[in-house]
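Q: structure here, sequence nowhere to be found:
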């Protein structure tokens, strides 16, 4: 089982940027993918972006395109989510997760502990 430990997050003003990190212990196979999700208070958890661990291909939900960037550094066993031009509606708890089946899978079996992002003036 892969353990995922998140860092980053915090309280920022609208227009600011943040970078979230997710470090994985254990081996990530090339067929796996890492995803970032968020849960806005009172709403269902939603996917933000995903990246194939092997070839680095990425997927973004429409709301994330152009402002958020997912990346991974294999040597660090870490996936990142760069959040730019943050808006109050991006306020949420952000989670990273691992799926064994590639970035279009919805079957995630390892989750980080979550990190709060608050965007407020």
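A: Nice, I can see it. Only a predicted model underlies this, so the values are computations on that prediction, with no experimental measurement involved.
Q: what's opposite the residue nearest to the spatial centre of the chain in the beta bridge?
A: In the chain, the centroid-proximal residue (C-alpha atoms, centre = their mean) is residue 36; its distance is 2.4 Å. Beta-bridge partners for residue 36, by DSSP bridges, are residue 49, residue 96.
Q: on the three-state scheme, residue 75 is what?
A: Taken by DSSP: H, G, I helix; E, B strand; the rest coil, the conformation at residue 75 corresponds to helix.
Q: thinking again about what came up before, wait, the residue nearest to the centre of the chain touches residue 50, no?
A: Yes. Because the distance of 7.4 Å satisfies C-beta atoms under 8 Å, residue 36 is recorded as touching residue 50. C-beta: built from backbone N, CA, C; applies to glycine.
Q: which neighbours do those two share?
A: Shared between the contact lists of residue 36 and residue 50 (criterion: C-beta atoms under 8 Å, 6 or more residues apart in numbering) are residues residue 70.
Q: before we move on, back to that, which ones are touching the residue nearest to the centre of the chain?
A: Residue 36 makes contact with 20, 22, 47-50, 68, 70, 79, 81, 94-97 under the criterion C-beta under 8 Å, 6+ apart.
Q: now it: how far from residue 121?
A: In this structure, residue 36 and residue 121 are 24 Å apart, going by C-beta to C-beta, to the nearest Å.
Q: and residue 100, by the same measure?
A: Distance of residue 100 to residue 121, computed by C-beta to C-beta: 41 Å.
Q: between these two, who's got more neighbours?
A: Each of residue 100 and residue 121 has its neighbours counted (other C-beta atoms under 10 Å); residue 100 has more, 16 against 7.
Q: now do the more buried one against residue 70, distance only.
A: In terms of C-beta to C-beta, residue 100 sits 18 Å off from residue 70.
Q: strands of this structure, start to end?
A: 3-7, 10-12, 18-25, 33-39, 46-52, 58-60, 68-73, 78-83, 92-99, 108-111, 115-119 (DSSP state E).
Q: want to throw those into a markdown table with mean pLDDT?
A: Formatted as a markdown table, the entries for the strands of the chain read as follows, by pLDDT from 0 to 100:
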| stretch | mean pLDDT |
| --- | --- |
| strand 3-7 | 97 |
| strand 10-12 | 98 |
| strand 18-25 | 97 |
| strand 33-39 | 98 |
| strand 46-52 | 98 |
| strand 58-60 | 97 |
| strand 68-73 | 98 |
| strand 78-83 | 98 |
| strand 92-99 | 97 |
| strand 108-111 | 95 |
| strand 115-119 | 98 |
